[in-house]
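[1] What shape does this take:
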Amino acid sequence: MLYAPESLICKSGQFLTITLTTKPLEVNIHYSQPIYSLIVIFICLGISHISAANHLTNNTDTLKVHHDHFGSIKFGERLTDTQLAFTIQSTLVNECQYIRFDDYPNVSVMVVNHVIERIDTDQLNVIDKESPFYELASHSLSLADFSKKYPDIEIAPHEYENGVYLRWYNSSKTKAIVVDYINDNIDIIKAGRVPSVLYIEGCA
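    The predicted model follows:
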């Protein structure tokens, strides 16, 4: 079964018009000279595959972290329900370990009792422009100004480094996005379920 992007109209002068939709491939052909029909069909199908590939690439490049998910990684979902291939990163400690999904190579995923609890990453491009942390990542706000603008985000001293933990909870405080802010820069981004996302030592 072939699929096309949201809308695609290919025209070849007066000879042929083909329209593709997001539904299983529907082709409406109107032509005055049949000799050109197969050529234009192949051209149109080629364009549709290129467009779909670009669309997938753009989605992959723009994945952003949220309180309840990162891409297809859903916090609170059982690992067996994800249908995502993964490799194990750490040994099992008190039913807790880290894995890495093949589709998300820059993200470590904490799993506790076979449930996805949180992610850890140092990739700042996962921060959405609508997130308060974007202003820190882009250095458009100092930490002092940030704390004044976003008083609901908790600030706690960092255990080991010259910095702080910034904790942005959802409305029910069941999930959070946590940032390690060290030496005036975002160092690590964590997101997931409370209390796992607050653990300083991870699974240790």
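[2] Could I get the buried residue list for stretch 77-89?
    Residues L79, T82, L84 are the ones in stretch 77-89 that count as buried (16 or more other CB atoms under 10 Å). For every residue, glycine as well, the C-beta is placed using N, CA and C.
[3] If you could redo that for stretch 112-127, that was the one I meant.
    Of the residues in stretch 112-127, those buried by neighbour count under the rule 16+ other CB under 10 Å are V112, V115, I116, E117, R118, I119, D120, T121, L124, V126, I127.
[4] what two of those are the furthest from one another?
    Farthest-apart pair in the buried residues of stretch 112-127 is V115 and L124; separation 27.2 Å (CB to CB).
[5] now, among the buried residues of stretch 112-127, which is nearest to K175?
    R118 (9.0 Å).
[6] Quickly run through the sheet partners of the helix or strand hosting I177, with directions.
    Assessed by DSSP states H and E, I177 sits inside strand 175-182. Each strand that pairs with strand 175-182, with its direction, by DSSP bridges: strand 163-169 (antiparallel), strand 185-193 (antiparallel).
[7] quick one: average pLDDT of that strand?
    Per-residue pLDDT values across strand 175-182 average out to 98.
[8] what are the C-alpha coordinates of that strand, in CSV please?
    Provided in CSV are the C-alpha atoms of strand 175-182 (Å, rounded to 0.1, in the frame of the first residue of the first chain):
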residue,chain,number,x,y,z
LYS,A,175,5.7,14.5,36.9
ALA,A,176,8.4,17.0,36.4
ILE,A,177,11.2,18.3,34.1
VAL,A,178,14.3,18.8,36.1
VAL,A,179,17.4,20.7,35.0
ASP,A,180,20.9,20.6,36.4
TYR,A,181,22.1,24.2,36.0
ILE,A,182,25.8,24.3,36.6
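[9] Quickly list the domain ranges of this protein.
    For the chain, whose domains are defined here by automatic domain parsing, the residue ranges read 7-61, 69-198.
[10] thinking L79 is in contact with I116, fair?
    Yes: L79 lies in contact with I116 (CB atoms under 8 Å); the separation is 6.2 Å.
[11] Now do the shared contacts for those two.
    Taking CB atoms under 8 Å, 6 or more residues apart in numbering as the contact rule, L79 and I116 touch no residue in common.
[12] What are the buried residues along stretch 142-158?
    Judged by neighbour count (16+ other CB under 10 Å), stretch 142-158 contains these buried residues: F146, Y150, I153, E154.
[13] Can you name the residues that contact the second one?
    Contacts for Y150 (CB under 8 Å, 6+ apart) come out as P132, W168.
[14] give the contact list for S108.
    Neighbouring residues of S108 by CB under 8 Å, 6+ apart: Q89, Y98, I99, R100, I119, D120, T121.
[15] in this structure, which spans are strands?
    Along the chain, counting by DSSP state E, strands occupy 7-12, 16-21, 30-31, 69-70, 73-74, 86-88, 96-101, 108-112, 115-121, 154-157, 163-169, 175-182, 185-193.
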